[in-house]
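Student: compute the structure for the input listed below.
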Amino acid sequence: MATGNPTARTNTKRRKIALLVLLALLLLAALATRWLLQPERLAPAMLNLVGNALGLEVTASGVGEYRLRGTPQLIVRGVSAREPGAATPVLTAERILISVPWSTLRARGRELTATRLELDAPVLDVAALQAWLEKRPPGETRIPTLTDGLRIIRGRVDGQGWSLRDLYVESPQLSANQPLRTQLRGAYAGGNGLQAPFELALTLMRPALPTAVGLTGEIAPAGANWRLPARLTLSGRLRDDAGLQLQHLRLGGSARYVSGDRTLPFALGVGGALHMAGGQLQLQPLALAVRGNGIVPTLDASGEVQAGPSLSVFLRGQLAHWPDAWPALPPPLGRSQSPLPFALDYRGPADLSDIAQLQLQRDDTRFEGRFRLFEMQSWIERFEQGSPLPPLRGSLSAPRLEISGAVLEGVQVRFEDPTIPQQAAIE
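Tutor: So this is what the prediction gives:
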């Protein structure tokens, strides 16, 4: 009686054992994958990878969510990213969603392509960001690709004495070799109650510096008793030398100064170079053109502006003519068609509530004085009903004036408003 081939039985047994081992390994792999892909384990692992790449401690306090079917997607909540040992995070966010194709996951960092990125209520600290950027190694920054774009809601940027609030940012796509088009909405908040809501469309020729930039939209600075809604168009070249620099700046726009029932429209143009560093903004050199009517003069000037917790403005230029809405000048000064060279200096709160210093000349008549801008504006508007004396401290000299039929020569007039302190002349 045949008992079979011992070798065949041995091979069959080995195949069964191998199959059982393979099934066991597959089961273990499946269990390990399931364990690793649990949100409470996957999210920290992914955040550690991101943190190690950026030199940041990235943590999440909320339970993560993920989706592997179709395009993989990860959601983490309560995110914080900070330098190791730093007290202030560079970035926090209530929620971050990132959707990444399988090809990016298989590339293990060699490819930076994602489908979409969303951030809810992120807060960016400018000082912490600058400290982190200063420690980054030099080299070209790799720009990720977002095929389905970027969205930010309820965002905030905190600077020194200023912030951007209620930020909404939407970009349809992001690619290193394509222009970046972004919709921006939010509000600037500065010292002394200054607010400036804005809604802008931003275009970068490429999402890396240096690059050409274009901006158009609406912004409406406002103080306690005034608003300045404006529609602006801006262009320039953005660089990151010692902070952010916007070179070859060109800005044009139309605006309305609104205070109470008064509305004063005007147009303006600005050219120069803008530098932003350490919470300070500097516009120097500056060329300014204003085309106004009513009490808003038509002027051309050059100078500089510095803005941060406070505001500094220096302008030197000329008025094309004396506005008809201003108090009339006595002859022969009022009959002259000469332009009026001027120098204006303001240093104080950003809401323009402090004292400005002005030098003004027409022919041989010279004026120098100090005043509060809004007090002077109110005096001009109420000149017919109010005091004939302006609210200022200063002096006027003229070789000849005609007042009420009398001819005065060698005129010297001093204005002494006791609420205005004295100060040295403009240099």
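
Student: average pLDDT for stretch 354-366?
Tutor: Per-residue pLDDT values over stretch 354-366 give a mean of 96.

Student: how about the contacts made by Arg165?
Tutor: Residues in contact with Arg165 (Cβ atoms under 8 Å, 6 or more residues apart in numbering) are Arg156, Gly186, Ala187, Tyr188, Ala189. (Glycine included, C-beta is placed from N, CA and C.)

Student: who wins on neighbours among these?
Tutor: Looking at the contacts of Arg165 with neighbours defined as other Cβ atoms under 10 Å, the largest count falls to Gly186 at 22 neighbours.

Student: which one is that residue nearest to, not counting chain neighbours?
Tutor: Leu167 (4.0 Å; Cβ to Cβ, 6 or more residues apart in numbering).

Student: quick one: low-confidence parts of the stretch 301-427 of the chain?
Tutor: 424-427 (pLDDT under 70).

Student: what ranges do the strands span in it?
Tutor: For the stretch 301-427 of the chain, strands defined by DSSP state E, counting those that start in this stretch occupy the ranges 311-319, 340-348, 355-362, 365-372, 392-403, 406-416.

Student: same question, the stretch 151-300 of the chain
Tutor: Per DSSP E, counting those that start in this stretch, the stretch 151-300 of the chain has strands spanning 163-171, 180-189, 195-204, 211-219, 230-239, 244-259, 262-277, 280-292, 299-307. These are given in chain order.

Student: buried stuff in the fifth one?
Tutor: Within strand 230-239, the residues scored as buried using 16 or more other Cβ atoms under 10 Å are Ala230, Leu232, Leu234, Ser235, Gly236, Arg237, Leu238.

Student: tell me what it is packed against?
Tutor: The criterion is 3 or more Cβ pairs under 8 Å, 6 or more residues apart in numbering; DSSP states H and E, and the helices and strands that strand 230-239 contacts are strand 211-219, strand 244-259.

Student: just the last one next, same as before
Tutor: On a contact count with 3+ Cβ pairs under 8 Å, 6+ apart, strand 299-307 meets strand 280-292, strand 311-319, strand 340-348.

Student: mind doing that once more with 10 Å?
Tutor: If you count contacts as 3 or more Cβ pairs under 10 Å, 6 or more residues apart in numbering; DSSP states H and E, strand 299-307 packs onto strand 262-277, strand 280-292, strand 311-319, strand 340-348.

Student: starting at the chain centroid, how far to it?
Tutor: In terms of Cα atoms, centre = their mean, to the nearest Å, the centre of strand 299-307 is set 20 Å apart from its chain centre.

Student: ok, it: who's next to it in the sheet?
Tutor: Looking at strand 299-307 with DSSP bridges, its paired strands and their directions are strand 280-292 (antiparallel), strand 311-319 (antiparallel).

Student: for Leu246, give me its contacts.
Tutor: With contacts defined as Cβ atoms under 10 Å, 6 or more residues apart in numbering, Leu246 is in contact with 213, 215, 234-239, 272-276, 281, 283.

Student: so what pLDDT did it get?
Tutor: In this model, Leu246 is scored at 95, pLDDT.

Student: one step back: now the strands of the stretch 151-300 of the chain as a markdown table including distance to Gln337?
Tutor: Written out in a markdown table, the entries for the strands of the stretch 151-300 of the chain read as follows (distance: least, Cβ to Cβ, whole Å):
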| stretch | distance to Gln337 |
| --- | --- |
| strand 163-171 | 47 |
| strand 180-189 | 41 |
| strand 195-204 | 38 |
| strand 211-219 | 36 |
| strand 230-239 | 31 |
| strand 244-259 | 27 |
| strand 262-277 | 22 |
| strand 280-292 | 18 |
| strand 299-307 | 16 |
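
Student: and of the buried residues of strand 230-239, the nearest to Ile420?
Tutor: Each of those was checked against Ile420 using Cβ to Cβ; the closest is Ala230, at 29.9 Å.

Student: what does the pLDDT read for the nearest residue to Leu251 once chain neighbours are set aside?
Tutor: For Leu251, ignoring the flanking residues on the chain, the nearest one in space by Cβ to Cβ, 6+ apart is Val270 at 4.1 Å. According to the per-residue confidence, Val270 scores 98 in pLDDT.

Student: could we number from 645 for the rest of this?
Tutor: Let's use 645 as the start, then, which means that last one is Val914.

Student: who does Val914 form a beta bridge with?
Tutor: When bridges are called by DSSP bridges, Val914 pairs up with Leu895, Leu932.

Student: pretty sure it sits against Ala899.
Tutor: No: the pair Val914 and Ala899 does not pass the contact test of Cβ atoms under 10 Å, sitting 11.6 Å apart.

Student: mutual contacts of the two, please.
Tutor: With contacts defined as Cβ under 10 Å, 6+ apart, the residues shared by Val914 and Ala899 are Leu876, Val934.
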